[in-house]
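S.K.: only geometry, no sequence info:
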């Protein structure tokens with residue numbers, strides 16, 4: 001008997017090949033399992049002799065079927081599954097939350113063969129199959145309430161079809177409750193419920209008229225989870241932000257939030273030990289491509305993509321998406337920002353006042369200041385932390401105070417670039433050129449050239465003249481442009497006598513900038529006042545033993561909105 005798939009493969013001239021959707025269409029194959037069943041030796045020969053990086057793969061079966069590298073997280077799943085507690089996990093985007101839930105799905109469906117060679121294979125003895133209700137909001141946009149209703153209807157239709165149930169209502173909450181109860185009755189087993197990116201319909205509609213509508217709709221939709229507790233074997237919810245459970249998961253205040261739990265700090269992402277265990281061939285290939293040693297390559301990887309800490313005193317975690325892209329491209333790119341504009345951050349910056357010094361240079365905060373996001377709050381910190389732009393760098397156990405800072409260079413550069421675009425209206429290409437010229441000027445100690453670049457950028461700021469206008473209006477742009485050079489920059493550096501406005505340190509120089517408004521006084525008078533303040537408050541003393549060249553710079557700004565009037569330098 002002629003095998004139609006074999007005939008199509010021979011006609012297309014395909015030997016050993018990767019499985020793609022395009023190939024699936026050419027061969028008219030309906031599923032991965034069909035390919036394996038009809039043409040197993042081609043798949044086996046190709047995939048068992050090649051390593052693949054699962055870039056963008058969120059389905060555990062697909063990942064395991066075709067020999068993709070898998071960082072084994074199954075021991076965490078086994079530990080969680082031993083209880084019946086409802087869990088919540090917050091992690092930034094592109095951090096592997098969807099793959100984690102897919103892995104849970106196949107585990108609870110009893111797909112033992114997919115877990116061959118993984119930690120859970122020897123830990124689990126029973127491999128019971130449970131009915132799984134998986135709800136994911138990640139693939140759609142929810143800018144309006146109608147869009148959310150449409151997606152909910154489609155998801156419930158798919159689930160009802162999967163279990164063989166009829167639609168019993170137009171109300172999504174009633175349908176979900178019926179689905180859970182009926183699945184329990186039909187199978188005789190409790191139901192596993194997995195909810196991915198629960199907060200996306202809220203975040204997509206943030207600061208619009210639909211935000212509250214979407215929040216209320218989700219609160220209603222999730223309400224059966226409380227009433228159906230007796231039918232639920234396991235409940236796991238992921239998202240970026242932790243929106244108050246009182247507002248969303250009514251009655252589920254007992255959710256076990258493991259977002260900041262030490263035992264699960266590495267449940268998503270790639271830890272330092274996992275990096276060397278699973279990716280040495282890729283590290284070696286990257287080192288060869290970049291003409292770097294292995295140690296230099298690992299140090300560069302850590303500088304660019306490591307540094308996430310989801311609690312204190314734990315091993316750092318790499319962003320998995322960026323790591324895989326780096327290995328694939330053999331280049332240290334800014335992949336997290338290239339994969340999509342962080343709309344949540346942009347919306348927040350556009351709608352909330354920005355205090356630069358509360359975000360950069362290491363922010364001190366108590367847990368309740370960054371753990372929970374309140375939509376009606378003016379506090380930006382939870383959004384910035386939970387979105388992945390800040391992470392835990394230190395913890396004062398006695399005072400219970402955390403230090404938050406940028407996790408790595410990729411995030412720092414991307415975040416500052418977004419802030420610059422908020423403040424400076426020059427075209428992106430011109431801004432990039434300006435930053436390069438600024439870096440060159442500082443390296444040559446050419447402060448006139450450097451400060452003319454700053455002056456031009458500040459000239460593009462909207463002219464807003466206020467009676468109480470002060471140098472803080474200009475400080476963020478000055479700081480951000482210096483920060484983009486890649487040198488160490490600190491604003492409001494504290495000493496015993498006061499705070500210096502902006503300090504820039506290079507490998508051989510220190511530049512101390514004091515910003516002043518003229519307020520009707522002469523330029524010389526204000527400049528001398530600024531330089532005298534630097535000396536009187538001892539801003540330069542902490543750097544005197546460094547042996548670096550020292551430059552004290554007075555920057556004088558117009559209180560009439562005319563930008564940077566001039567500067568005076570003292571060595």
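M.R.: Yep, that arrived. Note that this is a predicted model, so its numbers are computed, not measured. Residues are numbered from 1 along each chain as shown.
S.K.: what sits up against the helix ranked longest in the chain?
M.R.: Ranked by number of residues, the top helix in the chain under DSSP state H is helix 145-163. Residues lying outside helix 145-163 but in contact with it, judged by CB atoms under 8 Å, 6 or more residues apart in numbering, are 131, 133, 135-137, 140-142, 166-167, 172, 175-176, 179, 182-183, 186, 201, 205, 210, 213-214, 217-218, 221. All C-beta atoms are positioned from the backbone trio N, CA, C, and that covers glycine.
S.K.: Of those, keep whichever come out buried.
M.R.: Applying 16 or more other CB atoms under 10 Å to the contacts of helix 145-163, the neighbour count classes 131, 133, 135-137, 140, 142, 172, 175-176, 179, 182-183, 201, 205, 210, 213-214, 217-218, 221 as buried.
S.K.: Show me these that map onto strands.
M.R.: Among these, the members found in strands (DSSP state E) are 133, 135, 136.
S.K.: where exactly do the helices run in the stretch 1-150 of the chain?
M.R.: In the stretch 1-150 of the chain, the helices defined using DSSP state H, counting those that start in this stretch lie at 4-12, 21-27, 32-38, 40-47, 60-65, 74-81, 97-108, 119-123, 145-163.
S.K.: Which parts of the stretch 151-300 of the chain are helices?
M.R.: Per DSSP H, counting those that start in this stretch, the stretch 151-300 of the chain carries helices over the ranges 172-187, 200-204, 211-222, 224-227, 272-278, 280-290, 294-305.
S.K.: which non-adjacent residue is nearest residue 235?
M.R.: Closest residue in space to residue 235, ignoring its immediate chain neighbours: residue 86 at 3.9 Å, by CB to CB, 6 or more residues apart in numbering.
S.K.: To clarify, my last question referred to residue 455.
M.R.: Per CB to CB, 6+ apart, closest to residue 455 is residue 564, 4.2 Å.
S.K.: mind listing what that neighbour touches?
M.R.: Per CB under 8 Å, 6+ apart, neighbours of residue 564: 451, 454, 455, 458, 459, 474, 555, 556, 557, 558.
S.K.: Identify the bridge partners of it.
M.R.: As for beta bridges, residue 564 partners with residue 557 under DSSP bridges.
S.K.: got it, and residue 238?
M.R.: residue 89.
S.K.: can you check residue 488 too?
M.R.: With DSSP bridges as the rule, residue 488 is bridged to residue 505.
S.K.: ok now the longest helix of the chain, how far from the chain's centre?
M.R.: With CA atoms, centre = their mean, to the nearest Å as the basis, helix 145-163 stands 28 Å off its chain's centre.
S.K.: Give me the average confidence score over stretch 444-458.
M.R.: Averaging pLDDT along stretch 444-458 gives 86.
S.K.: Just the buried residues of it, please?
M.R.: Residues of stretch 444-458 classed as buried by neighbour count (16+ other CB under 10 Å): 445, 447, 450, 451, 452, 453, 454, 455, 457, 458.
S.K.: Tell me which entries of those lie within helices.
M.R.: Counting by DSSP H, the buried residues of stretch 444-458 contribute 447, 450, 451, 452, 453, 454, 455, 457, 458 to helices.
S.K.: Okay, the nearest residue to residue 451 once chain neighbours are set aside and residue 78: tell me how far apart.
M.R.: The shortest distance from residue 451 to any residue other than its chain neighbours is 5.1 Å, reached at residue 567 (CB to CB, 6+ apart). According to CB to CB, to the nearest Å, residue 567 and residue 78 sit 63 Å apart.
S.K.: same deal with residue 387?
M.R.: 30 Å.
S.K.: Against residue 64, how distant is residue 117?
M.R.: The value you get for residue 117 to residue 64, if CB to CB is used, is 10 Å.
S.K.: So these two - more neighbours on which side?
M.R.: residue 64 (21 against 9; other CB atoms under 10 Å).
S.K.: looking at the helices of the stretch 151-300 of the chain, which is buried most?
M.R.: helix 200-204 (a mean of 25; mean count of other CB atoms under 10 Å).
S.K.: I'd like the mean pLDDT over that helix, please.
M.R.: On average, helix 200-204 scores 88.
S.K.: Compute the distance between the closest residue in space to residue 327 that isn't next to it in sequence and residue 196, please.
M.R.: Nearest non-adjacent residue to residue 327, counting by CB to CB, 6+ apart: residue 282, 3.9 Å away. Note on residue 282: its distance to residue 196, by CB to CB, is 27 Å.
S.K.: cool, and residue 273?
M.R.: 27 Å.
S.K.: any idea of the pLDDT on residue 120?
M.R.: 97.
S.K.: Next, count neighbours for it.
M.R.: By other CB under 10 Å, neighbour count at residue 120 equals 20.
S.K.: ok, it - contacts?
M.R.: With the criterion set at CB under 8 Å, 6+ apart, residue 120 makes contact with 74, 75, 77, 78, 107.
S.K.: how near is it to residue 106?
M.R.: The value you get for residue 120 to residue 106, if CB to CB is used, is 11 Å.
S.K.: now the chain, which segments are flagged as low pLDDT?
M.R.: For the chain, the stretches with pLDDT under 70 are 1-50, 243-247, 250-253, 339-344, 349-361, 375-378, 421-432, 460-473, 491-500, 545.
S.K.: and the nearest residue to residue 501 once chain neighbours are set aside, how many neighbours does it have?
M.R.: With sequence-adjacent residues excluded and distances taken as CB to CB, 6+ apart, residue 501 is closest to residue 515, at 4.7 Å. Residue 515 has 22 neighbours, counted by other CB under 10 Å.
S.K.: returning to what we had before: would you reformat the ones in helices among the buried residues of stretch 444-458 as JSON lines and include distance to residue 436?
M.R.: Converted to JSON lines, those look like this (distance: CB to CB, whole Å):
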{"residue": "447", "distance to residue 436": "17"}
{"residue": "450", "distance to residue 436": "12"}
{"residue": "451", "distance to residue 436": "16"}
{"residue": "452", "distance to residue 436": "15"}
{"residue": "453", "distance to residue 436": "10"}
{"residue": "454", "distance to residue 436": "14"}
{"residue": "455", "distance to residue 436": "17"}
{"residue": "457", "distance to residue 436": "13"}
{"residue": "458", "distance to residue 436": "18"}
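S.K.: Pick out whichever of the residues you listed sits closest to residue 398.
M.R.: For those, the minimum distance to residue 398 (CB to CB) is 41.5 Å, reached by residue 454.
S.K.: got a list of what that closest one touches?
M.R.: 438, 477, 478, 481, 564.
S.K.: Would you mind putting these into TSV with secondary structure and distance to residue 326 alongside?
M.R.: Below are the contacts of residue 454 laid out as TSV (DSSP: H, G, I helix; E, B strand; the rest coil; distance: CB to CB, whole Å):
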residue	secondary structure	distance to residue 326
438	helix	27
477	helix	31
478	helix	32
481	helix	27
564	strand	39
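S.K.: All set, thanks.
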